[in-house]
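below are the sequence and a predicted model for it; my questions follow.
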Amino acid sequence: MNMEMKIQQDYEHQIIQPNILYFGTPVALITTLNPDGSPNIGPMSSAWALGYTVVMGWSVKAQTLTNLEREKECVINLPGPELVDKVEALAPLTGRKPSACPETYRYEPNKFKAAGLTPIPSQCVQPPRIAECPIQLEARVTAIHEPVSNNKSTFRIIETHVERVHAIPEIIKPGTDHIDPECWSPLLYVFRHYFGTGQELGRTFKAEY
């Protein structure tokens with residue numbers, strides 16, 4: 001047996017076609033304003049950050065996307081694992097009336113009350129922040145893209161720029177502007193299951209402390 005065959009045997013993988021590719025990203029609760037000025041909360045896990053740019057993916061059926069297209073601003077609220085029940089309470093709700101998917105989602109005009117969450121004023125944008133979330137990012141929409149696809153796209157890619165970051169003192173490294181990763185644990189969404197983080201395994205060479 002040659003070396004290449006030995007490696008293939010030791011690291012054998014199967015080809016699969018999963019329905020979704022949520023391989024493990026933080027949950028975010030996106031607050032926006034509805035046409036009547038009331039707040040909406042959209043739970044999601046399709047977001048990533050590069051510097052102060054946060055990119056999100058939203059279904060064309062989501063009220064959050066409609067609000068982002070119209071108002072061009074939002075708050076990206078990051079819950080910890082302790083809020084998993086409140087996040088899941090939001091999951092089957094929609095702010096769109098009538099519901100675009102009535103077989104899956106039900107219309108709820110007051111998501112803050114339905115999930116037992118508390119709205120607090122933002123400083124740079126109109127949508128409220130969620131008091132219970134340890135990290136809150138006030139952001140403005142800078143671009144909206146339709147993905148390149150052979151089929152009609154069912155989602156949009158939203159680019160936002162974070163204008164202001166709020167964090168509870170307990171997760172900030174004293175005397176710095178840094179989030180302490182030993183104190184902050186995001187709620188993770190992994191193939192439609194919720195997880196928190198465990199012990200630190202190491203740190204990148206770019207870590208600042």
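Received it, and whenever you're ready, just let me know what you need. Numbers count the residues shown, from 1 in each chain.

quick one: least confident helix or strand in the chain?
When each helix and strand of the chain is scored by mean pLDDT, DSSP states H and E, helix 3-10 comes last, with a mean of 62.

pull the number of nearby residues for the residue lying closest to residue 101 once chain neighbours are set aside.
Using Cβ to Cβ, 6 or more residues apart in numbering and skipping residues adjacent in sequence, the residue nearest residue 101 is residue 61, 6.3 Å away. In this view, the C-beta of every residue, glycine as well, is placed from N, C-alpha and C. For residue 61, the count of nearby residues is 16 (other Cβ atoms under 10 Å).

before we move on, what about residue 102?
Residue 102 has 10 nearby residues by other Cβ under 10 Å.

show me what contacts the nearest residue to residue 135 once chain neighbours are set aside?
Take residue 135 and drop its neighbours on the chain: the residue closest to it by Cβ to Cβ, 6+ apart is residue 78, 4.1 Å away. By Cβ atoms under 8 Å, 6 or more residues apart in numbering, the contact set of residue 78 is 26, 27, 28, 29, 133, 134, 135, 136, 137, 186, 187.

these two touch, right, the fifth one and residue 87?
Same thing as residue 133. No. Assessed by Cβ atoms under 8 Å, residue 133 is found out of contact with residue 87, at 10.0 Å.

with neighbour numbers in mind, choose between the two.
Neighbours were counted for residue 133 and for residue 87 using other Cβ under 10 Å; residue 133 has more, 26 against 21.

please save the CA atoms from stretch 110-120 in PDB.
Output of stretch 110-120 as PDB, limited to C-alpha atoms (Å, rounded to 0.1, in the frame of the first residue of the first chain):
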ATOM      1  CA  ASN A 110     -45.300  42.200  19.700                       C
ATOM      2  CA  LYS A 111     -42.300  39.900  19.700                       C
ATOM      3  CA  PHE A 112     -40.700  41.600  22.700                       C
ATOM      4  CA  LYS A 113     -43.700  40.600  24.800                       C
ATOM      5  CA  ALA A 114     -44.000  37.200  23.300                       C
ATOM      6  CA  ALA A 115     -40.400  36.300  24.100                       C
ATOM      7  CA  GLY A 116     -40.200  38.100  27.500                       C
ATOM      8  CA  LEU A 117     -37.500  40.500  26.300                       C
ATOM      9  CA  THR A 118     -37.000  44.200  27.100                       C
ATOM     10  CA  PRO A 119     -36.500  47.000  24.600                       C
ATOM     11  CA  ILE A 120     -34.100  49.800  25.400                       C
END
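
and the gap between the spatially most central residue of the chain and residue 10?
In the chain, the centroid-proximal residue (Cα atoms, centre = their mean) is residue 28; its distance is 2.7 Å. Using Cβ to Cβ, to the nearest Å, we find residue 28 at a distance of 38 Å from residue 10.
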